[in-house]
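A.B. asks: sequence below, structure please.
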Amino acid sequence: MSITQFKNTAALELEESNPVAMPLGEPVAIASTTSVERDDGVETGVWECTPGRWRRQITAQEFCHFISGRCTFTPDGGGETLHIQGGDALMLPANTLGIWDIQETVRKSYVLIF
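C.D. replies: Take a look at the predicted model:
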């Protein structure tokens, strides 16, 4: 298996940009990413999202480190709203669904474990 390196993640040019799949009002957030998917059920990359509210629909377990920006995440089921900013890290268990509210464009590095 080869080693993947993302150099200077704060300035890395991201390859794909699309509106989020489940926006909740205006503005519609635009997500951009550069990623590598391995054959062992792991995906890693750098992801960025512009301001907006939307539903998280990824059901994989995710570790992410926020490089920059500011947002909140409110998990479904009455969980406490998380206030997140550059420098923070999260471990989201599998099947964690909820609402992202991006106040200032965020950029994070992430690992999804399927």
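
A.B. asks: could you check how far residue 72 is from residue 92?
C.D. replies: Between residue 72 and residue 92 the computed distance is 14 Å (CB to CB, to the nearest Å). Glycine gets a C-beta too; all of them are placed from N, C-alpha and C.

A.B. asks: apart from its chain neighbours, what residue comes closest to residue 31?
C.D. replies: Spatial nearest neighbour of residue 31, chain neighbours left out: residue 49 (4.7 Å); criterion: CB to CB, 6 or more residues apart in numbering.

A.B. asks: which ones are touching that neighbour?
C.D. replies: With contacts defined as CB atoms under 8 Å, 6 or more residues apart in numbering, the neighbours of residue 49 are 20, 29-32, 71, 100, 102, 105-106.

A.B. asks: okay, now the nearest residue to residue 88 once chain neighbours are set aside: neighbour count?
C.D. replies: With CB to CB, 6+ apart as the criterion, residue 88 has its nearest non-adjacent residue at 4.9 Å, and that residue is residue 66. As a burial measure, residue 66 scores 19 neighbours (other CB atoms under 10 Å).

A.B. asks: one step back: among the contacts of residue 49, which are in strands?
C.D. replies: 30-32, 71, 100, 102, 105-106 (DSSP state E).

A.B. asks: okay if I get the residues you listed as TSV plus pLDDT, distance to residue 58 and neighbour count?
C.D. replies: Below are the ones in strands among the contacts of residue 49 laid out as TSV (pLDDT from 0 to 100; distance: CB to CB, whole Å; neighbours: other CB atoms under 10 Å):
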residue	pLDDT	distance to residue 58	neighbour count
30	98	17	16
31	98	11	20
32	98	16	17
71	98	15	23
100	98	11	21
102	98	15	23
105	98	19	16
106	98	15	24
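
A.B. asks: ok, so of these, who is nearest residue 77?
C.D. replies: Looking at the ones in strands among the contacts of residue 49 and their distance to residue 77, the nearest is residue 100, at 15.7 Å (CB to CB).

A.B. asks: touching, that closest one and residue 69? I think so.
C.D. replies: No. At 11.3 Å, residue 100 and residue 69 do not qualify as touching, with contact defined as CB atoms under 8 Å.
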